[in-house]
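> What would the 3D arrangement of this be:
(one chain, ligands or ions: 1)
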Amino acid sequence: MPEARSARLKRIKILAWVLTLLALLILLVSAYIRLRGAGLGCSPWPDCYGELLTGAANLHSGAARILHRSVASLALVLGFVLVAQCLRPFPIQPAARWATALLSLMIVLTFVGLFSSDPHRVWPGFINILGGAGLVLLSWRTALAAGADPARSSPRRPPPLLHVGLGLLVLTMALGALIGVRYAATACPSLPGCSGVAWPAAAGWSALDPFTGIVAAAGLGDAGGVALHLLHRYCALATLLLLGVGGVQGLARPATRPSAILLLVLMMVQFALGVLTVMSGFSLWMAIAHSVCASLLLAATVQLLTRPAA
Ligand code: HEM
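Model prediction:
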């Protein structure tokens, strides 16, 4: 019986690692598709930015779309196999919980994908960006749960700062996703403020609502775009501070040190990639790296939060 369990755990671990890699590939390819066509990588820049919204030619790469669909379909099939491995003939916890959450998210994202053909709708793209990061997080957590020694996984109380930091991280990611799906990058091409503006004007706050649609890209100084950029930057700074302190506290314990180092490194890389995205005049590859690194940072934060103390 214990052998059967350890063989299943091994299979679960391999499957979950494969799914983590597939989730990263899906995230990368979908960021490429989103940004390449009428996004930051379009040509001639910046006149083409958001041209999808005006009904102009769709420059999306067909090959990237096929790759995205194939990888996402493979991931969905593997997601079902993973859950079956975790649940039958008896549930193996906590891997089964993470795997079930992963499969549920995959099904939700498949359903949301049905609404993503209309670029004027903001919410499907918004959910897709955050959901993509969720896929990386949940598949990584399943792999770690399958490899964890139950005897060492006694609960500990992580520093409250890390919980607040995680909340701020998710908020920062949501604001960044809104910049992308609202085609609002060009509203603020300067640093640290937006052409002398340091706080969002009252007219800009409605851009926070993902259920309002868009008709055109946000031009330079657009109130909604400026609000998103400024709030994204302020939240990123607060996240840097809180996760930074939480990470430094995690360095003190040998069991949490590797996760804390990973978190601190990813935090600094992510911040630098955000600044470089703006400084480079919104380089496509910088923005894609910024998107992928955000999901790794989310996974690293949750890993530090759930690591046993011993
Ligand atoms: C904790 C730090 C940060 C996190 C977690 C974060 C996360 C994100 C995420 C998830 C996106 C959406 C990417 C996508 O469209 O796929 C985004 C977009 C963006 N971020 Fe950040 N960000 C951070 C810091 C910064 C900083 C410091 C800046 C600049 C000062 C910045 C500038 C941008 C810009 C310009 C975009 C829009 C790119 C686009 O149009 O797709 N970010 N961010």
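> quick one, domains of this structure?
For the chain, the structural domains run 1-148, 155-310, going by automatic domain parsing.
> Among those, which comes closest to the ligand?
Nearest to the ligand among these is domain 155-310; the distance by Cβ to the nearest ligand atom comes to 2.3 Å. The way it works is simple: take the backbone N, C-alpha and C, and place the C-beta from them, glycine included.
> anything in the closest one near the ligand?
Yes - remark: domain 155-310 sits within contact range of the ligand at 169, 172-173, 176-177, 179-180, 185, 191, 232-233, 236, 239-240, 270-271, 274-275, 277-278, 287, 290-291, 294, 297, by Cβ under 6 Å from any ligand atom.
> So which of those sit within helices?
Filtering those for membership in helices, criterion DSSP state H, returns 169, 172-173, 176-177, 179-180, 232-233, 236, 239-240, 270-271, 274-275, 277-278, 287, 290-291, 294, 297.
> buried subset of the residues you listed?
Buried by 16 or more other Cβ atoms under 10 Å: 169, 172-173, 176-177, 179-180, 232-233, 236, 239-240, 270-271, 274, 277-278, 287, 290-291, 294, 297, out of these.
> And Ala238, how far from Gly250?
Look at Ala238 and Gly250: by Cβ to Cβ, to the nearest Å, they are 18 Å apart.
> And Val215, by the same measure?
Taking Cβ to Cβ, one finds Val215 at 46 Å from Gly250.
> Please list all residues in contact with Leu296.
Shown in contact with Leu296 (Cβ atoms under 8 Å, 6 or more residues apart in numbering): 136, 266.
> hey, where'd the helices end up in the stretch 101-250 of the chain?
123-147, 160-181, 223-250 (DSSP state H, counting those that start in this stretch).
> can you pull the pLDDT of Ser61?
What the model reports as pLDDT for Ser61 is 67.
> that older thread, the helices of the stretch 101-250 of the chain: which one's closest to Trp199?
Checking these against Trp199 by Cβ to Cβ gives helix 223-250 as the closest, at 6.6 Å.
> Can you pull the poorly scored residue ranges out of the protein?
Residue ranges of the chain with pLDDT under 70: 1-3, 37-39, 41, 56-61, 149-158, 307-310.
> Leaving out sequence neighbours, find the closest residue to the residue nearest to the spatial centre of it.
By Cα atoms, centre = their mean, the chain has its centre lying nearest to Ala133, at 3.0 Å. Computed as Cβ to Cβ, 6 or more residues apart in numbering, the closest residue to Ala133 that is not its neighbour in sequence is Ser295, at 3.7 Å.
> For Ala287, see how far away the one you found is.
14 Å.
> Excluding chain neighbours, give the residue nearest to Leu87 in space.
Nearest in space to Leu87, with sequence neighbours left out and distances taken as Cβ to Cβ, 6+ apart, is Ala96 at 5.6 Å.
> so the one you found touches Phe90, yeah?
No - the pair Ala96 / Phe90 is not scored as a contact, 9.5 Å apart, by Cβ atoms under 8 Å.
> In terms of neighbours, single out the busier of these two.
Legend: neighbour count by other Cβ atoms under 10 Å for Ala96 and Phe90, higher for Ala96 (21 against 12).
> which residues touch the more buried one?
83, 86-87.
> And what about it, helix, strand or coil?
Recorded secondary structure, Ala96: helix (DSSP: H, G, I helix; E, B strand; the rest coil).
> measure it to Leu105 for me?
With distances taken as Cβ to Cβ, Ala96 is found 15 Å from Leu105.
> do Arg5 as well
Applying Cβ to Cβ, the value for Arg5 to Leu105 is 26 Å.
> Those two: which is more packed in?
Neighbours were counted for Arg5 and for Leu105 using other Cβ under 10 Å; Leu105 has more, 19 against 11.
> Correct me if wrong: that one contacts Ala133.
No - checked against Cβ under 8 Å, the pair Leu105 and Ala133 is beyond contact range at 10.3 Å.
> among the contacts of Ala96, which ones are buried?
83, 86.
> Next step: the contacts of Ala96 restricted to helices.
83, 86-87.
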